[in-house]
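Participant: the sequence and its predicted three-dimensional model are supplied below.
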Amino acid sequence: MEMKLFNNFILHDPWWLLLLGLIPLLIWLRRSRRNKHGTNAIEIPLGVGTFRKSWRMIMYSCIEPLFWLGIGLLIIAMARPQSEHAEEIVKGEGIDIFLVMDLSSSMLAKDFEPDRLEVSKRVAVDFVSHRTYDRIGLTVFAGESYTQCPLTNDHEVLKEYLMSLECGALEDGTAIGMGLAAAVNRLKDSEAKSKVIVLLTDGVNNAGYIRPATAAGLAKEFGIKVYTIGVGSYGQALSPVRRRSNGEYMFGITNVEIDEELMRKIAEDTGGKYYRAISEESLKEVYNEIDRLEKTEVEITVYKRYVELYYWPLIAGFSLLLVLFFLRSTVVRTLPY
């Protein structure tokens, strides 16, 4: 029976630790016996004629506690402490995924709390956390597009990029075709068995020199599946209407307009699916469904090896008892009276 204490530290035979519970009992019995029957000897430090306090007297007072400490260390050694080291061997490969995220000013709309962009970032980060064996990249777009992070297995770096996204860094607008084409360009040479794009937007294509239909055609040609997400409530929402000279946005009530027909066609043409997310919960459900649909098939073999650590408490315990034996025979000794 093994007992894991913390991280990779385990005890192979933890039942030996039950003996530690006997130590307080033995100490109590020994002291009770002394108090009941008295003592037949006086223990004095060698070379000290009186009982004045000295370093030898202090050493004498430490003899018994150190003796039980030595016994405790030997008991711990018998429990066989070990360090566990696990090694994973992954057979197979994950899929390549590109997240394409809208950074137009309308992503600051307040129909999500605190706004569409912040919610989209949080949910995307959670999605990335579940795709352990996949390579994932990030492209952003507004009136233009660029790749924020190429395909990577370093998901922590990718999540930092996601959480750092802000509106206003790009020329405003919604160049859906440009964002999609940039991701296709990054995935077209991938040798992964499955290539996926998750495109999230809250508006209508109104910028860029590449039509969304053209970008979708390229995705289909290179065998890239595109899942599209329209994020935003129905009706109206408090959204940015213009930007002051100091960079701050002014908000007003505007109609929520998402080109769902275009999003649906892009998804259908590439073998993906279109989703509408009207709240944070529904957006989480969308990503959860994509996570279920695009399963990574890998075979994981875990090899464990154990490094014995019992010799440390064993050596320490024996050394301590040997030192105490030497002290009892020399510096501190028992004399009859």
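Facilitator: Ah, there it is.
Participant: G223: what's it in contact with?
Facilitator: When contacts are counted by CB atoms under 8 Å, 6 or more residues apart in numbering, G223 is found next to K195. (C-beta placed from N, C-alpha, C; glycine too.)
Participant: just the pLDDT for it.
Facilitator: pLDDT, the model's per-residue confidence, is 95 for G223.
Participant: kindly report the same for Y227.
Facilitator: Per the predicted model, pLDDT is 97 at Y227.
Participant: where's it, which helix or strand?
Facilitator: Y227 is located in strand 224-231, with elements delineated by DSSP states H and E.
Participant: how close does the most centrally placed residue in the chain get to V123?
Facilitator: Centroid-nearest residue in the chain: S129, 8.0 Å away (criterion: CA atoms, centre = their mean). Look at S129 and V123: by CB to CB, to the nearest Å, they are 11 Å apart.
Participant: same question for S194.
Facilitator: 22 Å.
Participant: neighbour count winner among the two?
Facilitator: Set side by side, S194 and V123 show more neighbours around V123, with 23 against 18, by other CB atoms under 10 Å.
Participant: what's the helix or strand hosting that one in contact with?
Facilitator: Element membership of V123, judged by DSSP H and E, is helix 116-129. Contacts of helix 116-129 from elsewhere in the structure, counted by CB under 8 Å, 6+ apart, are 99, 101, 103, 106-109, 112-113, 136, 155, 158-159, 162-163, 165-167, 198, 200, 202, 231-232, 280, 283-284, 287, 290-291.
Participant: now the element after that helix, going C-ward?
Facilitator: Taking DSSP H and E as the definition, the helix or strand that follows helix 116-129 towards the C-terminus is strand 135-141.
Participant: what sits up against that next one?
Facilitator: Taking CB under 8 Å, 6+ apart as the criterion, the residues outside strand 135-141 that touch it are 94-104, 128, 145-153, 155, 158, 161-162, 165, 170, 174-176, 178-179, 182-183, 186, 192, 208.
Participant: now, of the residues you listed, which are buried?
Facilitator: In the contacts of strand 135-141, burial by neighbour count holds for 94-104, 128, 145, 147-149, 151, 155, 158, 161-162, 165, 170, 174-176, 178-179, 182-183, 186, 192, 208, counting by 16 or more other CB atoms under 10 Å.
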